[in-house]
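K.L.:
next come a sequence and a model predicted from it.
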Amino acid sequence: ETERAGCVYVFDTRSGEIVHRIRGLPDAIGALAWSPDGRWLATGGMRDITVWDAATLRPRHTGVGHSDVVRSVAWSPSGDRLASGSDDHTVRVWEGASGAERWCGRGHADQVQSVAWAPDGRHLASGSADGTVRVWDASDGRERGRFEAKGGVWTVAWAPDGAFVVSSSNDDIRVWDTRFLLNPASAEPPAAVALAASALPPGGRALPPVLAVLHRLGIQPPLSLVHELRQRLGGDDPGADTPDDWRTVTACPGFQQLCRLRWPAPARTGLIALLLHGLPPGP
């Protein structure tokens, strides 16, 4: 926890008591993050980033490169690099051990309020008050994708499999499809999916947990495909607006036999995973 006076407090999560204090910092702390192994604590101040030894709370090193307040810091999954976003409109990546700057990403037109590493450490996402989410190559800072949000972006986070980035703004939450990064044959990123309380029709409200299960299994199918499979395997008859390719599937005798079994919802999720296992990413 931080405060404006330039102090950092470390709490015991079981008792809620303060177990450590870092006092007398020259600037207010705008961001902090633990390293994956818990050995280091990174703090972002007015222009600098300091890495602290979690055992002694002594500074390991300080990196100075930003020209304004640091709003967000995040460790790479391996713990060897540190990313930061600042009011100076830049995204920077630093060496975790030495504090040396690896690269600086420029392109945002307003303060960078959130940075997040992809689960495999190959990409970095940033969200800015300029209303964009950008995806950077974590090795050299090349911009790999840009998404236009609705209003300033406060936070960004990756799905566990790296297939999607979620961003939050003042009035909505959006899911950005980043499967094009997993599939080199894909060219341009697709449009975002906006989430709102009234966005999902009754028939689609069961889809998020189904997608969560599939993503944990490394399966990233199109949402429409999951929806159609779930309906058909539940015994619903294909409607008049069913695409021709689906009519071919639903006419298959084996598929009809599966549908007549009227699988319960949990079993349908497992069957969908079995049917879609090995499905290549992409449209």
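P.N.:
Here it is on my side, so go on.
K.L.:
got a list of what the residue positioned nearest the centre of the chain touches?
P.N.:
Centroid-nearest residue in the chain, with CA atoms, centre = their mean: Trp158, separated by 1.5 Å. By CB atoms under 8 Å, 6 or more residues apart in numbering, Trp158 lies in contact with Ala116, Trp117, Ala118, Pro119, Ala125, Phe164, Val165, Val166, Thr178. (Each C-beta comes from the backbone N, C-alpha and C, glycine too.)
K.L.:
quick one: contacts for Lys272?
P.N.:
Slight slip there: residue 272 is Ile, not Lys. Val210, Leu214, Val226, Leu229, Arg230, Leu233.
K.L.:
again, 7 Å this time
P.N.:
By CB atoms under 7 Å, 6 or more residues apart in numbering, Ile272 lies in contact with Val226, Leu229, Arg230.
K.L.:
quick one: which of those residues sit in helices?
P.N.:
Val226, Leu229, Arg230 (DSSP state H).
K.L.:
ok, now how distant is Arg58 from Pro119?
P.N.:
The gap separating Arg58 from Pro119 is 31 Å, by CB to CB, to the nearest Å.
K.L.:
neighbour count for those two, which is higher?
P.N.:
Between Arg58 and Pro119, Pro119 has the larger neighbour count (other CB atoms under 10 Å), namely 14 against 8.
K.L.:
are we agreed that that one is in a strand?
P.N.:
No - judged by DSSP: H, G, I helix; E, B strand; the rest coil, Pro119 forms no part of a strand; its state is coil.
K.L.:
per-residue confidence at it?
P.N.:
Per-residue confidence at Pro119 stands at 92 (pLDDT).
K.L.:
these two touch, right, it and Gly162?
P.N.:
Yes - with contacts counted by CB atoms under 7 Å, Pro119 reaches Gly162, the gap being 5.1 Å.
K.L.:
just how off-centre is stretch 113-126 within its chain?
P.N.:
7 Å (CA atoms, centre = their mean, to the nearest Å).
K.L.:
quick one: end-to-end distance for it.
P.N.:
When the termini of stretch 113-126 are compared using CA to CA, to the nearest Å, they are 8 Å apart.
K.L.:
kindly report the same for stretch 75-83.
P.N.:
6 Å.
K.L.:
what does the average pLDDT come to for it?
P.N.:
Mean predicted confidence for stretch 75-83 is 96.
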